[in-house]
Each structure stands twice: as C-alpha cells, then as structure tokens.
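Peer 1: coords please:
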Amino acid sequence: MDTATLDNSITLDHIPAGQQARITKIQGDKGLARRLLGLGLRVGSEISVLQQRNRGVVVATAGTRVALGSSIADKLLMQPLIR
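Peer 2: Numbers count the residues shown, from 1 in each chain. Predicted coordinates:
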C-alpha cells in the first residue's frame with residue numbers, strides 16, 4: 001500500500017513519536033469507524049503520537065490514551081500538524 005496520497009496524508013504507523021496529526025480518512029468499513037468513534041477517534045480528530053511499538057502505536061486524544069495495532073494504524077490516513 002502506498003502510504004502517501006495527493007494531499008500529503010500518511011498512515012498513522014508512519015507518524016513518529018512526539019508528532020501531532022489530524023485524522024483525514026479512515027480506510028475501513030463502518031464497523032471500524034464505529035469502533036474508533038467509541039475510542040474517541042474520528043475524521044478530524046487531532047492526536048498526539050506517544051509511542052511507536054513495532055507497527056502498533058499509542059496515541060493520545062482529548063485526555064485519553066489509546067493503543068492501536070498495526071492493522072488499524074495502517075488504515076488511518078493522517079495529516080501531520082506543525083506547531
């Protein structure tokens with residue numbers, strides 16, 4: 001899978017620890033979108049990447065920490081934020 005798109009989005013598993021990013025697209029079915037929504041993650045959410053673990057990742061959003069496996073991390077397209 002190509003990790004870059006025309007709008008400079010990359011998959012979550014390629015965002016380095018310490019970087020902030022915004023979710024631009026969820027490349028999955030409605031079930032995945034619902035599970036992520038239950039965790040506080042949706043298109044437009046700003047997250048901070050806390051740790052990269054192999055291809056899994058630990059992120060923080062709205063005061064909540066969430067660990068995501070590689071199968072989910074590579075389905076989330078992100079726009080890195082420069083602050």
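
Peer 1: report the buried residues of the helix or strand containing Ile23.
Peer 2: Following DSSP states H and E, the helix or strand that holds Ile23 is strand 20-26. For strand 20-26, a neighbour-count test (16 or more other C-beta atoms under 10 Å) marks 20-21, 23-24, 26 as buried. From N, CA and C alone the C-beta is placed, and that goes for glycine too.

Peer 1: can you dump the C-alpha coordinates of it into CSV?
Peer 2: Below are the C-alpha coordinates for strand 20-26, written out as CSV (Å, rounded to 0.1, in the frame of the first residue of the first chain):
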residue,chain,number,x,y,z
GLN,A,20,0.8,15.7,16.4
ALA,A,21,-1.5,14.9,13.5
ARG,A,22,-5.2,15.0,12.3
ILE,A,23,-7.1,12.1,11.1
THR,A,24,-8.1,12.8,7.5
LYS,A,25,-9.6,9.4,6.4
ILE,A,26,-10.5,6.0,7.8
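
Peer 1: just checking: what are the partner strands of that strand?
Peer 2: Applying DSSP bridges, strand 20-26 is found paired with strand 46-53 (antiparallel), strand 76-81 (antiparallel).

Peer 1: right, and the ones you listed - which one's nearest Lys30?
Peer 2: strand 76-81 (15.0 Å; C-beta to C-beta).

Peer 1: tally up the residues packed near Leu41, please.
Peer 2: 23 (other C-beta atoms under 10 Å).

Peer 1: how about Ala17, secondary structure?
Peer 2: State at Ala17, reduced to three classes by DSSP: H, G, I helix; E, B strand; the rest coil: coil.

Peer 1: next one: phi and psi at it?
Peer 2: phi -60, psi 140 (degrees, to the nearest 10).

Peer 1: give me the below-cutoff pLDDT ranges for this structure.
Peer 2: For the chain, applying pLDDT under 70 flags the ranges 1-7, 83.
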